[in-house]
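> Starting from these lines, generate the structure:
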Amino acid sequence: AVKGAPVDTQTGKLVEERHRIEVDKDMSPAKMARVVGEIAEHFKWRGPIGVGFPGVIQGTTIRTSANLHSDFIDADGAKLFGQATGCPVAMINDAAAAGVAEMELGAGRGFMGKTLLLTLGTGVGSCLAYRGVVVPLELGHFPWKGGNDAEKHVAASVREQKELSWEEWGRRLHEFVAVLEALIWPELIIVGGGVSAKHAKFFHFIESRAKLVPAEFLNQAGIAGAAMWAAKN
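As a prediction, the model looks like this:
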């Protein structure tokens, strides 16, 4: 789905209830842009818009599109979504957007150590923060068992598709987190995405050296962070 809402960028709180439109993952960029335009029109929005996209973003250009239409690759996202909304658009990776919100106003607020943020949903989004500076990563595409992307084993969508118990899925996450800890040595791990609201069901299966906490903004972190990014850019 594509989700959006007006945000108070000083607090990160949604000013109105988010508007959600279901989409097909194979939807073309032009059709997806029209959906974003519908969301902006729903709120009669005419200000800056932040778009969190599940892929590598360089400037305003989308470089990867693992879970969406391949025509997004090398598209100018700011131009694409800007023409559809009639508004200035700032592009950011969706997990990095969640990281911006969590590090400035959420679970990582004031923490100056090394933080790893993972968003668990259709895929696995990731970013790293040190002294509050957020750096996008693509750890969901880390080669995992059999050479497949890690997100094909540990995304929240995989738990549903394979009907894994919370324990089975939690132990998969434990293995993934253990490898990331060995590579990155974070001091704090923040877990976001829709499943973060159910963290009590699987956190106790993850034995991490770092402190493990759910995102304070839960599944709204990406919306809040994208808006904060747009306000700055």
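> Give me the neighbour count for Glu163.
Number of residues near Glu163 (other Cβ atoms under 10 Å) recorded here: 7. Bear in mind the C-beta positions are built from the backbone N, C-alpha and C, glycine included.
> Would you indicate which residues of stretch 66-79 are buried?
Within stretch 66-79, the residues that count as buried by 16 or more other Cβ atoms under 10 Å are Ala66, Leu68, His69, Phe72, Ile73, Ala75, Gly77, Ala78.
> typo on my end, it should be stretch 19-33
Residues His19, Met27, Pro29, Met32, Ala33 are the ones in stretch 19-33 that count as buried (16+ other Cβ under 10 Å).
> Mind checking which of the residues you listed land in helices?
Counting by DSSP state H, those place Pro29, Met32, Ala33 in helices.
> tell me the SS of the closest residue to the second one other than its chain neighbours?
It refers to Met32. Closest residue to Met32 apart from its sequence neighbours, by Cβ to Cβ, 6 or more residues apart in numbering: Val23 at 6.5 Å. Secondary structure, DSSP: H, G, I helix; E, B strand; the rest coil: Val23 is coil.
> thought Val23 was touching Ala1?
Yes - the criterion here is Cβ atoms under 8 Å, and Val23 meets it with Ala1 at 6.2 Å.
> After the biggest helix by length in the chain, which helix or strand is next? Please name it.
In the chain, with assignment by DSSP H, the single longest helix is helix 166-184. Following helix 166-184 in sequence order, the next helix or strand is strand 188-192 (DSSP states H and E).
> chain center to that next one: distance?
Taking Cα atoms, centre = their mean, to the nearest Å, one finds the center of strand 188-192 at 12 Å from the center of the full chain.
> With stretch 92-101 instead?
6 Å.
> Could you export it as CSV, keeping only the C-alpha atoms?
C-alpha atoms of stretch 92-101 as CSV (Å, rounded to 0.1, in the frame of the first residue of the first chain):
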residue,chain,number,x,y,z
ILE,A,92,14.5,9.4,0.7
ASN,A,93,14.8,5.6,1.3
ASP,A,94,11.9,4.5,3.3
ALA,A,95,13.9,2.9,6.1
ALA,A,96,16.2,6.0,6.3
ALA,A,97,13.0,8.1,6.6
ALA,A,98,12.0,5.9,9.6
GLY,A,99,15.5,6.4,11.0
VAL,A,100,15.3,10.2,10.7
ALA,A,101,12.1,10.2,12.8
